[in-house]
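turn this into a model:
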Amino acid sequence: MSLPAIEVRGLRKSYGKKTVLDDVDLTVAAGTVTALLGPNGAGKTTTVHILSTLLRPEGGTAFVNGCDVVRDPGGVRAVIGLTGQFSAVDKLLTGEENLLLMARLRHLGEKRSKTRVAELLEQFDLVEAARKPLATYSGGMQRRLDLAMTLVSTPRVIFLDEPTTGLDPRSRHTMWDIVRELVADGTTVLLTTQNLEEADELADRIAVLDGGRIVAAGTPEELKRLVPGWHIRLRFADAAALDGATLALREHGLGESDREGSTRDDAGLALTVPTDGGVRALRTVLDRLDAAGLEVDDLSIHTPDLDDVFFALTGRNDRPGRADREGNES
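Down below sits the predicted model:
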């Protein structure tokens with residue numbers, strides 16, 4: 001069984017009297033995407049900075065690719081790449097020059113540097129803009145160049161801190177496709193984000209960080225099952241079938257004043273029945289209708305989304321926004 005790409009136990013960090021990380025545990029399997037999801041000041045960026053050896057923890061342990069971030073920072077730096085919240089490109093240089101500079105800093109050698117830069121320009125669709133000044137680059141192009149610079153040395157583990165902040169929808173989806181390709185090739189990605197759609201789209205697992213603690217962790221579907229909001233919507237062919245279904249399912253908690261939120265829609269000939277999202281609950285509903293000799297004209301299952309998860313688990317009113325930037329976590 002392979003070792004985790006990232007293994008964190010009891011991680012702690014504070015600034016003065018403010019505790020930023022409080023006994024954080026986190027495991028990231030190799031070749032997967034894990035998203036750290038949380039509100040401003042939750043500790044997401046601080047976690048990334050510790051794992052990338054930019055900050056020193058005050059307690060606990062953290063290993064990246066088997067290397068201790070405190071005892072072997074050089075070993076960690078040799079296998080990671082980091083793309084921060086803000087663009088790190090030199091705007092006085094062209095895209096190609098930025099990549100060549102990074103290749104030289106990584107000691108790739110002249111021949112390998114040129115080869116690797118050509119590969120990255122092709123991969124990130126920057127060939128035509130390679131020798132143009134960065135003043136001509138769009139925000140999306142600059143973020144692609146940022147990520148390309150991170151990948152110059154082919155890192156095994158990549159930290160992406162709010163990678164699509166401020167990007168338009170097209171550029172954001174392009175970045176997502178690039179991340180998926182990297183993971184398909186075996187790269188491990190730890191992603192911090194306030195973009196709920198981004199976490200849902202990319203992450204194999206999500207860790208919800210709030211007040212310096214991991215308050216929940218699991219797959220997106222597992223987290224959605226932690227909060228209420230699952231329901232089955234049943235539509236019938238006529239009013240008689242709707243009436244019959246209402247009676248048949250009354251024991252299931254259906255009622256116009258039901259505190260779980262069950263509703264009857266006479267105009268739409270539909271019933272909405274609360275459920276825990278499991279197969280057994282759906283089977284129970286269908287069995288009761290079948291026993292009553294009633295047929296369903298249409299059925300749909302509605303699930304909570306990560307917005308619901310965020311509000312339920314963090315108890316915050318500051319919904320993560322697509323264009324929001326995480327503030328300083330000091």
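
can you list the buried residues in stretch 153-162?
Under the neighbour-count criterion of 16 or more other Cβ atoms under 10 Å, stretch 153-162 has Ser153, Pro155, Arg156, Val157, Ile158, Phe159, Leu160, Asp161, Glu162 buried. To be clear about C-beta, it is placed using only N, CA and C from the backbone, and glycine gets the same treatment.

and of the residues you listed, the nearest to Gly212?
Checking the buried residues of stretch 153-162 against Gly212 by Cβ to Cβ gives Asp161 as the nearest, at 16.9 Å.

which ones are touching that closest one?
When the contact criterion is Cβ atoms under 8 Å, 6 or more residues apart in numbering, the partners of Asp161 are Lys44, Thr45, Val48, Leu82, Thr83, Gly84, Gln85, Thr192, Glu326.

and it, how far from Pro304?
Shown here: Asp161 relative to Pro304, a distance of 27 Å by Cβ to Cβ, to the nearest Å.

and for Lys18?
From Lys18 to Pro304 the distance is 32 Å (Cβ to Cβ).

between those two, who's got more neighbours?
Pro304 (19 against 11; other Cβ atoms under 10 Å).

which pair of the contacts of Asp161 spans the longest distance?
Spanning the widest gap among those are Leu82 and Glu326, at 14.9 Å by Cβ to Cβ.

that's a strand at Ile158, yeah?
Yes: the secondary structure assignment for Ile158 places it in a strand, going by DSSP: H, G, I helix; E, B strand; the rest coil.

circling back: between the contacts of Asp161, which is nearest Asp210?
Proximity to Asp210 was ranked across the contacts of Asp161 by Cβ to Cβ; first place goes to Lys44, at 10.2 Å.

mind checking the SS state of the residue lying closest to the closest one once chain neighbours are set aside?
Closest residue to Lys44 in three dimensions, ignoring its sequence neighbours and counting by Cβ to Cβ, 6 or more residues apart in numbering: Thr192, at 4.0 Å. Three-state secondary structure (criterion: three-state DSSP) places Thr192 in strand.

confidence score at Thr192?
Looking at Thr192, its pLDDT is 92.

check contacts around it.
Contact criterion Cβ under 8 Å, 6+ apart gives Ala35, Leu36, Lys44, Thr45, Thr47, Val48, Phe159, Leu160, Asp161, Glu162, Glu326 as the residues in contact with Thr192.

dump those to a markdown table, plus secondary structure.
Conversion of the contacts of Thr192 to a markdown table gives the following (three-state DSSP):
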| residue | secondary structure |
| --- | --- |
| Ala35 | strand |
| Leu36 | strand |
| Lys44 | helix |
| Thr45 | helix |
| Thr47 | helix |
| Val48 | helix |
| Phe159 | strand |
| Leu160 | strand |
| Asp161 | strand |
| Glu162 | coil |
| Glu326 | coil |
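
dump those to a markdown table, plus distance to Glu58 and pLDDT.
Conversion of these to a markdown table gives the following (distance: Cβ to Cβ, whole Å; pLDDT from 0 to 100):
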| residue | distance to Glu58 | pLDDT |
| --- | --- | --- |
| Ala35 | 25 | 95 |
| Leu36 | 19 | 94 |
| Lys44 | 18 | 92 |
| Thr45 | 16 | 91 |
| Thr47 | 13 | 95 |
| Val48 | 16 | 95 |
| Phe159 | 20 | 96 |
| Leu160 | 25 | 93 |
| Asp161 | 21 | 89 |
| Glu162 | 24 | 87 |
| Glu326 | 21 | 37 |
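
just curious, which of those is nearest to Val285?
Within the contacts of Thr192, the smallest distance to Val285 is 33.2 Å, found for Ala35 (Cβ to Cβ).

angle of the helix or strand containing Val189 against strand 157-161?
When secondary structure is defined using DSSP states H and E, the element that contains Val189 is strand 188-193. Direction vectors for strand 188-193 and strand 157-161, defined by axes from the mean of the first three to the mean of the last three Cα atoms, to 10 degrees, enclose an angle of 10 degrees.

ramachandran coordinates for the residue nearest to the spatial centre of the chain?
Central residue of the chain (Cα atoms, centre = their mean): Ala199, 2.3 Å from the mean position. Main-chain dihedrals, Ala199, degrees, to the nearest 10: phi -60, psi -40.

gap between it and Leu11?
Between Ala199 and Leu11 the computed distance is 21 Å (Cβ to Cβ).

so what pLDDT did Arg213 get?
Confidence at Arg213, expressed as pLDDT, is 93.

so it touches Asp25, yeah?
No: checked against Cβ atoms under 8 Å, the pair Arg213 and Asp25 is beyond contact range at 9.5 Å.
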